[in-house]
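>>> turn this into a structure:
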Amino acid sequence: MKLRVGLIGLGHAWETRHLPALRALRDRFEIRAVCSEIMFRAERAANEFDADAVDGYRALAAREDIDALLMLSPEWYGALPILAACGTGKAVYCAAALEMEAAQAVNIRDRVNAAGIAFMAEFPRRYAAATLRLKELIATRLGPPNLLFCHLRKGFRSPQDPSEGDVTSARLHRELLELVDWCRYVVGHNPSSVVGSRHQGGSSNGVNYRTLNLDFSDEDQFGVGPVAQVSVGRYLPAEWQEAIGFRNPAGLQVNCENGIAFIDLPSNIVWFDEAGRHIESLDAERPVGEQMLDSFYRAVTSLVRKTSDLDDAYRALMIVQKADESHASGQRIMLPK
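Now for the predicted structure:
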């Protein structure tokens, strides 16, 4: 059975992740229509799959020959395509980081639940081979996590126009959401509090560094349970490639009860226990893009509705927003259970 889908937006990962995955999964996905604010890109993607280029997400969501929407970029319309999918009963695969207030996020979650549609948020770090291996090691060899250090350092384009600062801030937001979810997934439960900070200014014209500390302890015992330090920065010009890659920290470092692990996505993990150092490379695994779309396919075609990703996406968004409140107030913010 092929799942008939429409593409809404073609984001920065289109060429590297989504297009190769859809080519590899032609036996499971049939692209019927493409919508993008840049019509030339929509037409080019539509020609690749012998599909239609559609002018507007509402027209795409209303088509009877479409079963699901792949929302690959928020573009100007934000979360509106999700609401359109709720109205037409279409499943949603959301690869876009949505800028919205907490009340709006709750409304989106409630609308999706009321519509009874399948919803999957794209969290590629969860599906990476190194992450899955780390979860195995935590369960068998390393024991529960105590400390997590999650860092991402990337470059920014030289700002030739004022909008570059906005683009940098939006990418930081998306990347911070993914890192927060990554830590939650590795620990296995939600944090109880957050402390956030950010840096704005410099040559990148906007927020170029954000950091937050997540405490997974009980509410009255800070620092007793696992603690995660998360940071993401775009403070080096993209042309400084040697500086960007110089002494780059591991994507995720996890100190556990019985050892420590260093993760470099997508497939490298180095871990230490009392027996010494262990190096594993998992290059033979399927690409992450294929794994995520395959999971979405099974969620839509099975009889069990997938809802956990909706709650996970909402939780990550809420944590990042509370981190912003912490930065503004200079105080620790307690998180709802």
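
>>> what is the burial count for the closest residue in space to residue 291 that isn't next to it in sequence?
Of all residues not flanking residue 291 in the chain, residue 127 sits nearest, at 4.6 Å (C-beta to C-beta, 6 or more residues apart in numbering). The C-beta positions use only the backbone N, C-alpha and C, and glycine is treated the same way. Residues near residue 127, counting by other C-beta atoms under 10 Å, number 20.

>>> same check, this time on the one 3 residues further on
A count of neighbours around residue 130, defined by other C-beta under 10 Å, yields 23.

>>> how many neighbours does residue 311 have?
Neighbour count for residue 311, taken as other C-beta under 10 Å: 14.

>>> tell me which element the residue lying closest to it once chain neighbours are set aside is part of?
Sequence neighbours aside, residue 109 is the residue nearest to residue 311 in space, at 7.4 Å (criterion: C-beta to C-beta, 6+ apart). Taking DSSP states H and E as the definition, residue 109 sits inside helix 102-115.

>>> could you point out which element follows that helix?
Sequence-wise, the next helix or strand downstream of helix 102-115 (DSSP H and E) is strand 119-121.

>>> most remote residue from the middle of this protein, which is it?
Farthest-out residue of the chain from its mean C-alpha position, per C-alpha atoms, centre = their mean: residue 275, at 34.6 Å.

>>> could you export the helix holding residue 109 as CSV, CA atoms only?
Only the C-alpha atoms of helix 102-115 are listed here, as CSV (Å, rounded to 0.1, in the frame of the first residue of the first chain):
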residue,chain,number,x,y,z
ALA,A,102,2.4,28.3,24.8
ALA,A,103,-1.4,29.0,24.5
GLN,A,104,-1.2,28.5,20.7
ALA,A,105,0.8,25.3,21.1
VAL,A,106,-1.8,23.9,23.5
ASN,A,107,-4.6,24.8,21.0
ILE,A,108,-2.7,23.0,18.2
ARG,A,109,-2.2,19.9,20.4
ASP,A,110,-5.9,19.9,21.4
ARG,A,111,-7.0,20.3,17.8
VAL,A,112,-4.9,17.4,16.6
ASN,A,113,-6.2,15.2,19.4
ALA,A,114,-9.8,16.1,18.7
ALA,A,115,-9.3,15.4,15.0
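
>>> so which elements touch that helix?
helix 80-88, helix 308-329 (3 or more C-beta pairs under 8 Å, 6 or more residues apart in numbering; DSSP states H and E).

>>> give the rounded mean pLDDT of the shortest one.
With pLDDT averaged residue by residue, helix 80-88 scores 94.

>>> also the last one?
In this model, helix 308-329 has an average pLDDT of 88.

>>> and stretch 50-65, by the same measure?
Per-residue scores along stretch 50-65 average to 93.

>>> other residues contacting that stretch?
With contact meaning C-beta atoms under 8 Å, 6 or more residues apart in numbering, stretch 50-65 is reached by 4, 6, 8, 31-35, 39, 42-43, 45-46, 66, 69, 77, 80-81, 84-85, 87-88, 90.

>>> same check on stretch 79-94?
Contacts for stretch 79-94 (C-beta under 8 Å, 6+ apart): 5, 8, 57-58, 61-62, 66-71, 98, 100, 104, 108, 111-112, 114-122, 293, 296, 299-300, 313.

>>> residue 290 - nearest residue in space that isn't next to it in sequence?
Closest to residue 290 by C-beta to C-beta, 6+ apart is residue 21, at 4.7 Å.

>>> surely the one you found is in contact with residue 289?
Yes - counting by C-beta atoms under 8 Å, residue 21 touches residue 289, with 3.5 Å between them.

>>> for the stretch 1-150 of the chain, what spans make up the strands?
Remark: strands assigned in the stretch 1-150 of the chain by DSSP state E, counting those that start in this stretch are 3-8, 29-35, 52-53, 68-71, 91-94, 119-121, 145-156.

>>> now these in JSON lines, with mean neighbour count and distance to residue 16?
Output for those, formatted as JSON lines (neighbours: other C-beta atoms under 10 Å; distance: least, C-beta to C-beta, whole Å):
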{"stretch": "strand 3-8", "mean neighbour count": "25", "distance to residue 16": "16"}
{"stretch": "strand 29-35", "mean neighbour count": "23", "distance to residue 16": "18"}
{"stretch": "strand 52-53", "mean neighbour count": "18", "distance to residue 16": "22"}
{"stretch": "strand 68-71", "mean neighbour count": "25", "distance to residue 16": "15"}
{"stretch": "strand 91-94", "mean neighbour count": "26", "distance to residue 16": "17"}
{"stretch": "strand 119-121", "mean neighbour count": "26", "distance to residue 16": "19"}
{"stretch": "strand 145-156", "mean neighbour count": "19", "distance to residue 16": "14"}
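
>>> tabulate those in TSV, adding columns for distance to residue 267.
Formatted as TSV, those follow (distance: least, C-beta to C-beta, whole Å):
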stretch	distance to residue 267
strand 3-8	27
strand 29-35	24
strand 52-53	36
strand 68-71	25
strand 91-94	23
strand 119-121	22
strand 145-156	17
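
>>> quick one: the residue nearest to residue 290 from residue 100, how far?
Going from residue 21 to residue 100 by C-beta to C-beta, to the nearest Å gives 27 Å.

>>> after the lowest-mean-pLDDT helix or strand in the chain, next one along is what?
When each helix and strand of the chain is scored by mean pLDDT, DSSP states H and E, helix 163-187 comes last, with a mean of 77. Downstream of helix 163-187, the first helix or strand assigned by DSSP H and E is strand 193-200.

>>> fine by me, we can end here.
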